[in-house]
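*Asks:* Model the following, please.
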Amino acid sequence: MKFDNKAWLTLYDPDYLDNGYLYHFTNIESAIKILNNGTLKFSKLSYANDTLESKPKINFLGLENYKDAIELRKHVVELNTNMLQLLCFTMDYPKRSEDVSDSIKYGDYSGRGFSLPRMWAQYAENNLGICLVFKRKAISQLIKNTLGSSLIYEDKIEYKNQFQEVEIDSSISKNLLEVIKLHKSLVAKSISSLDFFKNNKELVKYCYFSKLDDWRSENEYRFLAFGDEDYLIKDIDSALSGVIIGEKMSPENQRIISFFCENICEVKQITFTCNGCNLINIRSEE
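*Replies:* Residues are numbered from 1 along each chain as shown. Model (predicted):
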């Protein structure tokens, strides 16, 4: 079987495909479930480890009735907590063209999404887990095909020094207020509120695709979905270019991961040194 050898190029290599890949880090328990079932799962916005994620960055002070503004804010909190879901990835940094020697150029993986030490420590169980390497266009299309109109938006994260609450236009606020007063149940209110997100992309980008500078090293790309059901992206094997295992992974778990990836993609192990990181072949091409 022919594997995707371009997945392992450096940012200096002329054949490297800029913005061609997305990376998902996870622990060994989740990794086995993902590879065994061939699925990726969205998670609720309220489960994010950034405490600001589910807190509204908007206000409705344009409304004459202060109680209405409070009711709308409460509604947004409910949507953030119960209806908005994320699937998060890491990106490569931009392609590089510096004039450096070949000895450095073809062995330096810095800037690749799989080479970020913080991601391995924070999301891959302190180097015991894995990093899934996806073809960007393929995984994006899978998500779009699965979610349809439930997918609100996809984009990279922009990083900011600080946030300011955005005041919502009074006409938009009044329309949203009419919608939520028309329905009693949260699900009915939420479904009717979907247009609020669909029709206010700049607001969505600011509220859900912006994070503080402290998170900048994640270089994140994400998908935002709307709904209270479990969103499972199936048949991810078709979008998978490779799997990288952490340098602390046990030999037993290495064998398990290699078994699940048989005839699907290459498996490599990452090791970090003072000069950067290296990739070690775990299994040869077939």
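*Asks:* List the contacts of the residue nearest to D213 when sequence neighbours are not counted.
*Replies:* Distances taken as C-beta to C-beta, 6 or more residues apart in numbering place Y159 nearest to D213, at 4.9 Å, with adjacent residues excluded. C-beta: built from backbone N, CA, C; applies to glycine. Contacts for Y159 were tallied using C-beta atoms under 8 Å, 6 or more residues apart in numbering; they are 210-213, 215-216.
*Asks:* Take those residues and keep only those in strands.
*Replies:* Those of these mapping onto strands are 210-212, per DSSP state E.
*Asks:* ok, I244 - how many residues close by?
*Replies:* When neighbours are counted by other C-beta atoms under 10 Å, I244 registers 29.
*Asks:* part of a strand, is it?
*Replies:* Yes. Counting by DSSP: H, G, I helix; E, B strand; the rest coil, one finds I244 located in a strand.
*Asks:* Name the single longest helix found in the chain.
*Replies:* helix 66-82 (DSSP state H).
*Asks:* following that one, which helix or strand shows up next?
*Replies:* Using DSSP states H and E, the helix or strand that follows helix 66-82 towards the C-terminus is strand 84-91.
*Asks:* Just the pLDDT at N275, thanks.
*Replies:* On pLDDT, N275 comes in at 78.
*Asks:* and L52, that's in a strand?
*Replies:* No. Assigned with three-state DSSP, L52 falls outside any strand and is coil.
*Asks:* and it, backbone torsions?
*Replies:* When read as degrees, to the nearest 10, the backbone of L52 gives phi -80, psi -10.
*Asks:* pretty sure it is in contact with F163, am I right?
*Replies:* Yes. With contact defined as C-beta atoms under 8 Å, L52 reaches F163; the gap is 7.3 Å.
*Asks:* shared neighbours of the two, which are they?
*Replies:* Common contacts of L52 and F163 (C-beta under 8 Å, 6+ apart): L212.
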